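Output the structure for:
(one chain, ligands or ions: 2)
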Amino acid sequence: MKTLEVDLGHRAYPIHIGSGLLPLPDLIRPHLEGRNVMVVTNETVGPLYLARQMQALAGYDTATVVLPDGEEHKTLETMGRIITALLTRRFDRQCTLVALGGGVVGDITGFAAACYQRGVNYIQVPTTLLAQVDSSVGGKTAVNHPLGKNMIGAFHQPRCVVADTDTLATLPDREYRAGLAEVIKYGLIRDPEFFLWIEEHLGDLLARDPVAQTQAIERSCRNKAEIVAADERETGPRALLNLGHTFGHAIETGLGYGVWLHGEAVAAGMCLAARLSARLGWLDGTAVERIESLVRRAGLPVRAPAALSAAEMRDLMAVDKKVRGGALRLVLLEDMGKAIVTRGYDAAALDLTLAECRAAR
Ligand code: NAD
Ligand code: GLY
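Numbering: from 1, shown residues only. Ligands and ions are numbered 1, 2, ... in the order given. Take a look at the predicted model:
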(Lines give C-alpha, C1' and ligand atoms only; values in the text may rest on other atoms or scores of the structure.)
(Ligands and ions follow the chains in the order given, each with its own letter.)
Protein backbone atom coordinates (compact mmCIF):
# COMPACT_ATOMS: atom_id res chain seq x y z
CA MET A 1 0.00 0.00 0.00
CA LYS A 2 1.14 3.54 -0.78
CA THR A 3 0.00 6.47 1.33
CA LEU A 4 0.11 10.09 0.19
CA GLU A 5 -1.02 13.10 2.12
CA VAL A 6 -3.11 16.10 1.20
CA ASP A 7 -1.29 18.72 3.23
CA LEU A 8 -3.97 21.04 4.55
CA GLY A 9 -2.54 21.76 7.99
CA HIS A 10 -4.83 20.52 10.77
CA ARG A 11 -7.23 19.21 8.09
CA ALA A 12 -4.54 17.14 6.33
CA TYR A 13 -5.67 13.67 5.32
CA PRO A 14 -4.21 10.47 3.89
CA ILE A 15 -4.87 8.86 0.51
CA HIS A 16 -4.28 5.11 0.77
CA ILE A 17 -3.78 3.34 -2.56
CA GLY A 18 -3.41 -0.42 -2.92
CA SER A 19 -4.90 -3.87 -3.26
CA GLY A 20 -7.20 -5.48 -0.68
CA LEU A 21 -7.85 -2.29 1.31
CA LEU A 22 -11.68 -2.31 1.53
CA PRO A 23 -12.12 -4.64 4.52
CA LEU A 24 -9.19 -3.25 6.53
CA PRO A 25 -10.50 -1.63 9.73
CA ASP A 26 -7.26 0.16 10.56
CA LEU A 27 -7.49 2.56 7.62
CA ILE A 28 -10.96 3.86 8.42
CA ARG A 29 -11.43 3.60 12.17
CA PRO A 30 -8.94 6.28 13.20
CA HIS A 31 -11.14 8.74 11.26
CA LEU A 32 -14.47 7.83 12.88
CA GLU A 33 -15.53 10.19 15.65
CA GLY A 34 -18.68 8.59 17.04
CA ARG A 35 -20.32 5.18 16.66
CA ASN A 36 -22.70 6.12 13.81
CA VAL A 37 -21.53 5.39 10.28
CA MET A 38 -23.67 5.66 7.14
CA VAL A 39 -22.31 3.98 4.03
CA VAL A 40 -23.68 5.49 0.83
CA THR A 41 -23.33 3.48 -2.34
CA ASN A 42 -25.38 2.75 -5.45
CA GLU A 43 -27.32 -0.16 -6.90
CA THR A 44 -24.34 -1.29 -9.03
CA VAL A 45 -21.48 -0.94 -6.56
CA GLY A 46 -23.43 -2.08 -3.47
CA PRO A 47 -23.90 -5.71 -4.52
CA LEU A 48 -20.21 -5.88 -5.52
CA TYR A 49 -18.44 -4.23 -2.59
CA LEU A 50 -20.74 -3.29 0.31
CA ALA A 51 -20.15 -6.53 2.22
CA ARG A 52 -16.36 -6.08 2.01
CA GLN A 53 -16.67 -2.47 3.18
CA MET A 54 -18.87 -3.49 6.13
CA GLN A 55 -16.11 -5.80 7.41
CA ALA A 56 -14.05 -2.70 8.16
CA LEU A 57 -16.95 -1.29 10.20
CA ALA A 58 -17.86 -4.31 12.32
CA GLY A 59 -18.96 -3.23 15.80
CA TYR A 60 -20.17 0.23 14.73
CA ASP A 61 -23.79 1.37 14.50
CA THR A 62 -24.04 1.32 10.72
CA ALA A 63 -26.71 2.12 8.14
CA THR A 64 -26.62 2.02 4.36
CA VAL A 65 -28.21 4.08 1.63
CA VAL A 66 -28.29 2.62 -1.86
CA LEU A 67 -28.77 5.29 -4.51
CA PRO A 68 -29.92 4.80 -8.09
CA ASP A 69 -26.99 4.62 -10.53
CA GLY A 70 -26.19 7.39 -12.99
CA GLU A 71 -25.12 10.97 -13.52
CA GLU A 72 -28.77 11.90 -14.09
CA HIS A 73 -29.36 11.11 -10.40
CA LYS A 74 -26.68 13.52 -9.17
CA THR A 75 -29.38 15.87 -7.98
CA LEU A 76 -30.59 17.69 -4.89
CA GLU A 77 -33.43 15.19 -4.69
CA THR A 78 -31.02 12.25 -4.42
CA MET A 79 -28.93 14.13 -1.88
CA GLY A 80 -32.15 14.64 0.10
CA ARG A 81 -32.54 10.87 0.38
CA ILE A 82 -29.28 10.69 2.31
CA ILE A 83 -30.35 13.51 4.62
CA THR A 84 -33.70 11.79 5.24
CA ALA A 85 -31.93 8.54 6.09
CA LEU A 86 -29.60 10.35 8.51
CA LEU A 87 -32.53 12.04 10.25
CA THR A 88 -34.60 8.87 10.35
CA ARG A 89 -31.74 7.09 12.08
CA ARG A 90 -31.21 10.12 14.38
CA PHE A 91 -27.54 10.25 13.46
CA ASP A 92 -25.86 13.09 15.30
CA ARG A 93 -23.04 15.47 14.46
CA GLN A 94 -20.42 12.89 15.35
CA CYS A 95 -21.58 10.56 12.59
CA THR A 96 -19.44 9.72 9.55
CA LEU A 97 -20.57 9.15 5.98
CA VAL A 98 -18.65 6.72 3.80
CA ALA A 99 -18.94 7.23 0.03
CA LEU A 100 -18.48 3.84 -1.62
CA GLY A 101 -18.60 4.25 -5.39
CA GLY A 102 -17.55 6.41 -8.31
CA GLY A 103 -17.47 10.18 -8.60
CA VAL A 104 -21.24 10.49 -8.60
CA VAL A 105 -21.67 8.76 -5.24
CA GLY A 106 -18.60 10.62 -3.93
CA ASP A 107 -19.84 14.05 -4.99
CA ILE A 108 -23.39 13.57 -3.66
CA THR A 109 -22.26 12.00 -0.39
CA GLY A 110 -19.64 14.68 0.17
CA PHE A 111 -22.26 17.35 -0.38
CA ALA A 112 -24.68 15.64 2.01
CA ALA A 113 -21.87 15.52 4.60
CA ALA A 114 -21.16 19.22 4.03
CA CYS A 115 -24.82 20.09 4.64
CA TYR A 116 -26.02 17.70 7.35
CA GLN A 117 -26.16 19.59 10.64
CA ARG A 118 -23.84 22.16 8.97
CA GLY A 119 -21.14 19.62 8.31
CA VAL A 120 -20.18 16.11 9.41
CA ASN A 121 -17.21 13.89 8.58
CA TYR A 122 -17.00 11.71 5.53
CA ILE A 123 -14.59 9.24 4.00
CA GLN A 124 -14.09 8.62 0.29
CA VAL A 125 -13.83 5.03 -0.90
CA PRO A 126 -13.56 5.49 -4.68
CA THR A 127 -14.26 2.49 -6.90
CA THR A 128 -13.78 3.91 -10.42
CA LEU A 129 -10.50 4.93 -12.02
CA LEU A 130 -11.83 8.47 -12.40
CA ALA A 131 -12.72 8.70 -8.73
CA GLN A 132 -9.41 7.17 -7.62
CA VAL A 133 -7.33 9.63 -9.66
CA ASP A 134 -9.44 12.74 -9.23
CA SER A 135 -12.87 13.18 -7.69
CA SER A 136 -12.23 11.52 -4.29
CA VAL A 137 -9.37 13.92 -3.56
CA GLY A 138 -9.67 17.63 -2.89
CA GLY A 139 -13.03 18.18 -1.23
CA LYS A 140 -15.10 19.45 -4.13
CA THR A 141 -18.63 18.19 -3.60
CA ALA A 142 -21.69 18.98 -5.71
CA VAL A 143 -24.88 18.01 -7.44
CA ASN A 144 -26.05 19.07 -10.89
CA HIS A 145 -28.79 21.51 -11.87
CA PRO A 146 -30.66 21.03 -15.18
CA LEU A 147 -29.12 24.33 -16.31
CA GLY A 148 -25.57 23.61 -15.24
CA LYS A 149 -23.23 20.86 -14.13
CA ASN A 150 -22.00 20.84 -10.49
CA MET A 151 -23.71 24.17 -9.88
CA ILE A 152 -24.83 23.39 -6.32
CA GLY A 153 -22.08 22.32 -3.97
CA ALA A 154 -19.53 23.04 -1.31
CA PHE A 155 -15.86 22.61 -0.50
CA HIS A 156 -15.74 19.96 2.19
CA GLN A 157 -12.63 17.81 2.63
CA PRO A 158 -12.90 14.10 3.43
CA ARG A 159 -11.09 12.72 6.48
CA CYS A 160 -9.45 9.99 4.47
CA VAL A 161 -9.41 8.40 0.99
CA VAL A 162 -9.16 4.62 0.60
CA ALA A 163 -8.56 3.62 -3.03
CA ASP A 164 -8.69 -0.16 -3.29
CA THR A 165 -7.34 -0.93 -6.75
CA ASP A 166 -8.98 -4.40 -6.72
CA THR A 167 -12.34 -2.72 -7.32
CA LEU A 168 -11.21 -1.63 -10.79
CA ALA A 169 -11.36 -5.25 -11.98
CA THR A 170 -15.16 -5.03 -12.35
CA LEU A 171 -15.23 -1.57 -13.93
CA PRO A 172 -16.69 -1.63 -17.48
CA ASP A 173 -14.20 -0.79 -20.21
CA ARG A 174 -15.95 2.44 -21.22
CA GLU A 175 -15.82 3.73 -17.63
CA TYR A 176 -12.18 2.74 -17.28
CA ARG A 177 -11.27 4.67 -20.44
CA ALA A 178 -13.20 7.68 -19.18
CA GLY A 179 -10.97 7.66 -16.10
CA LEU A 180 -7.89 7.78 -18.32
CA ALA A 181 -8.99 11.23 -19.54
CA GLU A 182 -8.33 12.72 -16.10
CA VAL A 183 -5.00 10.87 -15.90
CA ILE A 184 -3.93 12.42 -19.23
CA LYS A 185 -5.09 15.79 -17.88
CA TYR A 186 -2.38 15.86 -15.18
CA GLY A 187 0.30 15.29 -17.80
CA LEU A 188 -1.03 18.13 -19.89
CA ILE A 189 -1.50 20.74 -17.19
CA ARG A 190 1.72 20.37 -15.16
CA ASP A 191 3.60 17.10 -15.57
CA PRO A 192 5.05 16.64 -19.09
CA GLU A 193 7.17 13.67 -17.96
CA PHE A 194 3.98 11.93 -16.84
CA PHE A 195 2.44 12.64 -20.26
CA LEU A 196 5.42 10.90 -21.85
CA TRP A 197 5.06 8.02 -19.39
CA ILE A 198 1.36 7.65 -20.32
CA GLU A 199 2.25 7.64 -24.03
CA GLU A 200 4.71 4.81 -23.35
CA HIS A 201 2.52 2.81 -20.96
CA LEU A 202 -0.94 3.29 -22.44
CA GLY A 203 -1.00 -0.34 -23.65
CA ASP A 204 -0.28 -1.56 -20.10
CA LEU A 205 -2.91 0.78 -18.68
CA LEU A 206 -5.53 -0.41 -21.17
CA ALA A 207 -4.62 -4.01 -20.32
CA ARG A 208 -5.13 -3.01 -16.66
CA ASP A 209 -1.66 -4.08 -15.71
CA PRO A 210 -1.73 -3.67 -11.90
CA VAL A 211 1.72 -2.09 -11.66
CA ALA A 212 1.08 0.51 -14.37
CA GLN A 213 -2.40 1.16 -12.99
CA THR A 214 -1.14 1.81 -9.47
CA GLN A 215 1.67 4.03 -10.75
CA ALA A 216 -0.83 6.11 -12.73
CA ILE A 217 -3.18 6.46 -9.73
CA GLU A 218 -0.35 7.41 -7.42
CA ARG A 219 1.17 10.01 -9.73
CA SER A 220 -2.26 11.49 -10.50
CA CYS A 221 -3.09 11.74 -6.80
CA ARG A 222 0.32 13.26 -6.07
CA ASN A 223 -0.35 15.95 -8.68
CA LYS A 224 -3.83 16.60 -7.38
CA ALA A 225 -2.76 16.65 -3.72
CA GLU A 226 -0.06 19.23 -4.47
CA ILE A 227 -2.48 21.51 -6.30
CA VAL A 228 -5.17 21.21 -3.64
CA ALA A 229 -2.67 21.89 -0.84
CA ALA A 230 -1.55 25.03 -2.67
CA ASP A 231 -5.03 26.33 -3.51
CA GLU A 232 -7.84 24.53 -1.71
CA ARG A 233 -10.59 26.99 -2.66
CA GLU A 234 -9.60 27.51 -6.29
CA THR A 235 -8.58 31.13 -6.10
CA GLY A 236 -5.62 30.39 -8.38
CA PRO A 237 -3.83 27.31 -9.76
CA ARG A 238 -6.52 24.78 -8.81
CA ALA A 239 -8.54 26.06 -11.79
CA LEU A 240 -5.94 24.36 -14.02
CA LEU A 241 -7.53 21.05 -13.01
CA ASN A 242 -10.45 22.17 -15.14
CA LEU A 243 -8.59 21.75 -18.43
CA GLY A 244 -11.23 20.59 -20.91
CA HIS A 245 -14.00 20.92 -18.33
CA THR A 246 -15.71 24.08 -19.59
CA PHE A 247 -16.15 22.44 -23.00
CA GLY A 248 -16.87 19.12 -21.31
CA HIS A 249 -19.52 20.39 -18.91
CA ALA A 250 -21.26 22.07 -21.87
CA ILE A 251 -21.33 18.70 -23.66
CA GLU A 252 -22.68 16.87 -20.60
CA THR A 253 -25.39 19.46 -19.91
CA GLY A 254 -26.27 19.95 -23.59
CA LEU A 255 -26.67 16.27 -24.43
CA GLY A 256 -28.38 15.46 -21.11
CA TYR A 257 -26.50 14.11 -18.10
CA GLY A 258 -25.18 10.60 -18.61
CA VAL A 259 -25.28 10.52 -22.43
CA TRP A 260 -21.55 11.13 -22.68
CA LEU A 261 -19.56 10.10 -19.63
CA HIS A 262 -17.79 12.89 -17.72
CA GLY A 263 -14.36 11.60 -18.77
CA GLU A 264 -15.41 11.37 -22.42
CA ALA A 265 -16.63 14.97 -22.39
CA VAL A 266 -13.40 16.10 -20.68
CA ALA A 267 -11.31 14.21 -23.27
CA ALA A 268 -13.00 16.02 -26.16
CA GLY A 269 -12.80 19.26 -24.18
CA MET A 270 -9.02 18.91 -23.71
CA CYS A 271 -8.60 18.41 -27.45
CA LEU A 272 -10.71 21.52 -28.16
CA ALA A 273 -8.62 23.49 -25.67
CA ALA A 274 -5.47 22.26 -27.44
CA ARG A 275 -6.88 23.23 -30.84
CA LEU A 276 -7.82 26.70 -29.58
CA SER A 277 -4.37 27.10 -28.01
CA ALA A 278 -2.81 26.21 -31.38
CA ARG A 279 -5.07 28.70 -33.19
CA LEU A 280 -3.83 31.37 -30.79
CA GLY A 281 -0.26 30.44 -31.69
CA TRP A 282 0.62 29.06 -28.25
CA LEU A 283 0.90 25.38 -29.12
CA ASP A 284 2.37 23.88 -32.28
CA GLY A 285 0.61 21.42 -34.56
CA THR A 286 2.83 18.53 -33.46
CA ALA A 287 1.75 18.98 -29.85
CA VAL A 288 -1.93 18.96 -30.85
CA GLU A 289 -1.37 15.79 -32.87
CA ARG A 290 0.36 14.13 -29.89
CA ILE A 291 -2.54 15.00 -27.59
CA GLU A 292 -5.23 13.86 -30.01
CA SER A 293 -3.34 10.70 -30.83
CA LEU A 294 -3.08 9.72 -27.14
CA VAL A 295 -6.74 10.54 -26.49
CA ARG A 296 -7.76 8.52 -29.55
CA ARG A 297 -5.58 5.57 -28.51
CA ALA A 298 -7.30 5.66 -25.12
CA GLY A 299 -10.58 5.14 -27.00
CA LEU A 300 -11.87 8.61 -26.14
CA PRO A 301 -13.44 11.27 -28.36
CA VAL A 302 -11.37 14.14 -29.75
CA ARG A 303 -14.29 16.17 -31.09
CA ALA A 304 -17.49 17.65 -29.63
CA PRO A 305 -20.68 15.79 -30.53
CA ALA A 306 -22.33 16.75 -33.83
CA ALA A 307 -25.66 17.01 -32.02
CA LEU A 308 -24.57 20.30 -30.41
CA SER A 309 -24.05 23.34 -32.63
CA ALA A 310 -21.18 25.75 -32.01
CA ALA A 311 -23.72 28.36 -30.84
CA GLU A 312 -25.29 25.91 -28.38
CA MET A 313 -21.86 25.01 -27.04
CA ARG A 314 -20.97 28.67 -26.63
CA ASP A 315 -24.23 29.34 -24.72
CA LEU A 316 -23.74 26.37 -22.44
CA MET A 317 -20.13 27.30 -21.78
CA ALA A 318 -21.28 30.67 -20.43
CA VAL A 319 -22.64 28.83 -17.36
CA ASP A 320 -19.28 28.08 -15.77
CA LYS A 321 -17.78 28.65 -12.36
CA LYS A 322 -14.77 30.30 -13.98
CA VAL A 323 -16.90 33.19 -15.32
CA ARG A 324 -15.75 36.48 -13.71
CA GLY A 325 -17.59 39.76 -14.33
CA GLY A 326 -19.44 38.17 -17.23
CA ALA A 327 -16.21 37.06 -18.95
CA LEU A 328 -15.54 33.38 -19.48
CA ARG A 329 -12.04 32.31 -18.47
CA LEU A 330 -10.69 29.19 -20.11
CA VAL A 331 -7.91 26.79 -19.24
CA LEU A 332 -5.62 26.69 -22.28
CA LEU A 333 -2.18 25.31 -23.03
CA GLU A 334 0.92 27.44 -23.43
CA ASP A 335 2.98 24.32 -23.94
CA MET A 336 2.86 20.58 -23.29
CA GLY A 337 2.60 20.33 -19.51
CA LYS A 338 1.94 24.03 -19.02
CA ALA A 339 -1.65 25.22 -18.66
CA ILE A 340 -2.92 28.70 -17.85
CA VAL A 341 -6.30 30.15 -16.93
CA THR A 342 -7.03 33.10 -19.16
CA ARG A 343 -9.63 35.38 -20.61
CA GLY A 344 -7.00 36.54 -23.11
CA TYR A 345 -8.29 34.61 -26.10
CA ASP A 346 -10.03 35.94 -29.14
CA ALA A 347 -13.78 35.17 -29.09
CA ALA A 348 -13.72 34.62 -32.87
CA ALA A 349 -10.97 32.02 -32.43
CA LEU A 350 -13.13 30.20 -29.88
CA ASP A 351 -16.14 30.28 -32.25
CA LEU A 352 -14.04 28.93 -35.13
CA THR A 353 -12.66 26.16 -32.92
CA LEU A 354 -16.16 25.21 -31.77
CA ALA A 355 -17.41 25.20 -35.35
CA GLU A 356 -14.54 23.09 -36.69
CA CYS A 357 -14.08 20.63 -33.84
CA ARG A 358 -17.37 18.79 -34.05
CA ALA A 359 -17.73 15.17 -34.99
CA ALA A 360 -19.08 14.44 -38.48
CA ARG A 361 -22.79 13.67 -38.36
P1 NAD B 1 -19.84 7.23 -11.81
O2 NAD B 1 -19.76 7.53 -10.40
O3 NAD B 1 -21.12 7.41 -12.52
O4 NAD B 1 -19.34 5.73 -12.02
C5 NAD B 1 -19.33 5.20 -13.31
C6 NAD B 1 -20.13 3.89 -13.42
O7 NAD B 1 -19.35 2.82 -12.90
C8 NAD B 1 -21.43 3.89 -12.64
O9 NAD B 1 -22.37 3.16 -13.38
C10 NAD B 1 -21.05 3.14 -11.37
O11 NAD B 1 -22.17 2.55 -10.74
C12 NAD B 1 -20.10 2.12 -11.90
N13 NAD B 1 -19.12 1.61 -10.98
C14 NAD B 1 -18.46 2.30 -10.02
N15 NAD B 1 -17.50 1.54 -9.50
C16 NAD B 1 -17.58 0.34 -10.10
C17 NAD B 1 -16.84 -0.86 -10.00
N18 NAD B 1 -15.79 -0.95 -9.20
N19 NAD B 1 -17.21 -1.91 -10.76
C20 NAD B 1 -18.24 -1.78 -11.63
N21 NAD B 1 -18.96 -0.68 -11.80
C22 NAD B 1 -18.61 0.38 -11.04
O23 NAD B 1 -18.75 8.07 -12.67
P24 NAD B 1 -17.26 8.49 -12.39
O25 NAD B 1 -16.62 8.54 -13.72
O26 NAD B 1 -16.65 7.69 -11.32
O27 NAD B 1 -17.42 9.97 -11.83
C28 NAD B 1 -17.95 11.00 -12.62
C29 NAD B 1 -18.47 12.07 -11.71
O30 NAD B 1 -17.39 12.62 -10.95
C31 NAD B 1 -19.09 13.25 -12.46
O32 NAD B 1 -20.30 13.59 -11.87
C33 NAD B 1 -18.07 14.36 -12.30
O34 NAD B 1 -18.65 15.62 -12.33
C35 NAD B 1 -17.49 14.03 -10.96
N36 NAD B 1 -16.15 14.57 -10.74
C37 NAD B 1 -15.93 15.25 -9.57
C38 NAD B 1 -14.67 15.73 -9.30
C39 NAD B 1 -14.41 16.40 -7.98
O40 NAD B 1 -13.32 16.97 -7.80
N41 NAD B 1 -15.32 16.33 -7.04
C42 NAD B 1 -13.62 15.55 -10.22
C43 NAD B 1 -13.88 14.86 -11.39
C44 NAD B 1 -15.15 14.36 -11.64
N1 GLY C 1 -11.64 18.24 -10.60
C2 GLY C 1 -11.35 19.63 -10.40
C3 GLY C 1 -10.90 19.95 -9.01
O4 GLY C 1 -10.88 19.12 -8.15
O5 GLY C 1 -10.55 21.06 -8.75
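
list the helices and strands the lengthiest helix in the chain packs on?
Longest helix in the chain by number of residues (criterion: DSSP state H): helix 210-230. Packed against helix 210-230, as judged by 3 or more C-beta pairs under 8 Å, 6 or more residues apart in numbering; DSSP states H and E, are the following elements: strand 2-6, strand 13-18, helix 173-190, helix 192-206. In short, each C-beta sits where N, CA and C put it, glycine included.

which stretches of the protein have low pLDDT?
Screening the chain residue by residue with the criterion pLDDT under 70, one finds the ranges 361.

can you pull the contacts of residue 152?
Shown here is residue 152, whose contacts under the criterion C-beta atoms under 8 Å, 6 or more residues apart in numbering are 76, 111, 142, 143, 144, 145.

just checking, it is part of a strand?
Yes: with the criterion set as DSSP: H, G, I helix; E, B strand; the rest coil, the secondary structure at residue 152 is a strand.

how much space is there between it and ligand 2?
Counting by C-beta to the nearest ligand atom, to the nearest Å, the separation of residue 152 from ligand 2 is 16 Å.

Can you list the buried residues in stretch 160-175?
With burial defined by 16 or more other C-beta atoms under 10 Å, the residues of stretch 160-175 counted as buried are 160, 161, 162, 163, 164, 165, 167, 168, 171, 175.

what's the answer for stretch 335-344, then?
When burial is assessed from 16+ other C-beta under 10 Å, stretch 335-344 yields the following buried residues: 336, 337, 339, 340, 341.

isn't the second one right up against residue 186?
No: using C-beta atoms under 8 Å, residue 337 is not in contact with residue 186; the gap is 9.4 Å.

Enumerate every residue touching residue 106.
For residue 106, the contacting residues are 99, 124, 126, 131, 135, 136, 141, by C-beta under 8 Å, 6+ apart.

hmm, 6 Å instead?
Taking C-beta atoms under 6 Å, 6 or more residues apart in numbering as the definition of contact, the neighbours of residue 106 are 99, 124, 131, 135, 136.

ok, those vs ligand 1, which is closest?
Nearest to ligand 1 out of those is residue 135 (C-beta to the nearest ligand atom; 3.3 Å).

so how far is ligand 2 from that closest one?
With distances taken as C-beta to the nearest ligand atom, residue 135 is found 7 Å from ligand 2.

wait, that residue sits on residue 104?
No: using C-beta atoms under 6 Å, residue 135 and residue 104 do not qualify as a contacting pair, with a distance of 8.7 Å.

just to revisit the earlier point, from the contacts of residue 152, list the buried ones, please.
Among those, those that count as buried by neighbour count (16+ other C-beta under 10 Å) are 111, 142, 143, 144.

thought the second one was touching residue 151?
Spelled out, that is residue 142. No: counting by C-beta under 6 Å, residue 142 stays clear of residue 151, with 7.3 Å between them.

Return the set of buried residues in stretch 46-60.
Using 16+ other C-beta under 10 Å as the test for burial, stretch 46-60 gives 46, 48, 49, 50, 52, 53, 54, 56, 57, 60.

again with stretch 119-135
Applying a neighbour-count criterion of 16+ other C-beta under 10 Å, one finds 120-135 buried in stretch 119-135.

Next one: the closest residue in space to residue 170 that isn't next to it in sequence relative to ligand 1, how far apart?
What sits nearest to residue 170 in space, not counting adjacent residues and going by C-beta to C-beta, 6 or more residues apart in numbering, is residue 48, at 5.7 Å. Note on residue 48: its distance to ligand 1, by C-beta to the nearest ligand atom, is 6 Å.
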